[in-house]
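# With the sequence up front, the predicted model follows.
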Amino acid sequence: MNDEKHARERLIIAARNYTSFQLRKGASPQQIIEALIRKGLTDDEATELVQQHSQSRQQAERPLSEHPLRRAGVRNMCLGVLWFFGGVGVTYITYMNAASSPEGGYFVVATGAILTGLAQFFFGLKKFSSVNT
């Protein structure tokens, strides 16, 4: 019984490898299913195996610009740039107001916004570049 189970597992592994190889070569799903049946799989097993490989292959072939991590990375980089330049802008405007006042004055250095922007930008860049090209 145990030997039969191991033999069946080896057959499934070999069938997965065969299916993947044949799909990359451009064989039709029907040809692959027929070959898998000849190798000992049931019709349902062969059909399911080919469908699974076809779906995963289609997902892998979608454009990188549509990858969710890539989109999230771009969004985080854009928000980081907005925070950074917002902080720099507040710092610049308050400094110019203080510098142009005859009695001097106070200005704000928006380090929180600037550092948050930098951190969010680099966090987004890490997400963006984590997707294999």
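Received the coordinates, thanks.

# If you average pLDDT per helix and strand, which one of this protein comes out bottom?
helix 43-60 (a mean of 76; mean pLDDT, DSSP states H and E).

# Let me know the distance separating K25 from T116.
Using CB to CB, to the nearest Å, K25 is found at 51 Å from T116. Yep, even glycine has a C-beta here, placed from its N, CA and C like the rest.

# In the protein, which residue is most central in space?
Among the residues of the chain, the one closest to the centroid is L69, at 3.7 Å (CA atoms, centre = their mean).

# the helices in the protein, which residues?
In the chain, the helices defined using DSSP state H lie at 2-25, 29-39, 43-60, 68-100, 111-130.

# weakest of these by average pLDDT?
Of all these, mean pLDDT reaches its minimum on helix 43-60 (a mean of 76).

# and it, what other elements does it pack with?
helix 2-25, helix 29-39 (3 or more CB pairs under 8 Å, 6 or more residues apart in numbering; DSSP states H and E).

# so who does A14 touch?
For A14, the contact set (CB atoms under 8 Å, 6 or more residues apart in numbering) comprises K39.

# which residues are contacting stretch 88-95?
With CB under 8 Å, 6+ apart as the test, stretch 88-95 has contacts from Y106, F107, V108, V109, A110, A113, I114.

# ok, of these, which come out buried?
F107, A110, A113, I114 (16 or more other CB atoms under 10 Å).

# quick one on the thing from earlier: quick one, which of the helices and strands packed on helix 43-60 is nearest to C78?
Using CB to CB as the measure, helix 2-25 is the one of the helices and strands packed on helix 43-60 that comes nearest C78, at 37.0 Å.

# Centre of the chain to that closest one, how far?
From the chain centre to the centre of helix 2-25 is a distance of 29 Å (CA atoms, centre = their mean, to the nearest Å).

# quick check: angle from that helix to helix 43-60?
Per axes from the mean of the first three to the mean of the last three CA atoms, to 10 degrees, the angle that helix 2-25 makes with helix 43-60 is 40 degrees.

# And for A35, the neighbour number?
Residues near A35, counting by other CB atoms under 10 Å, number 16.
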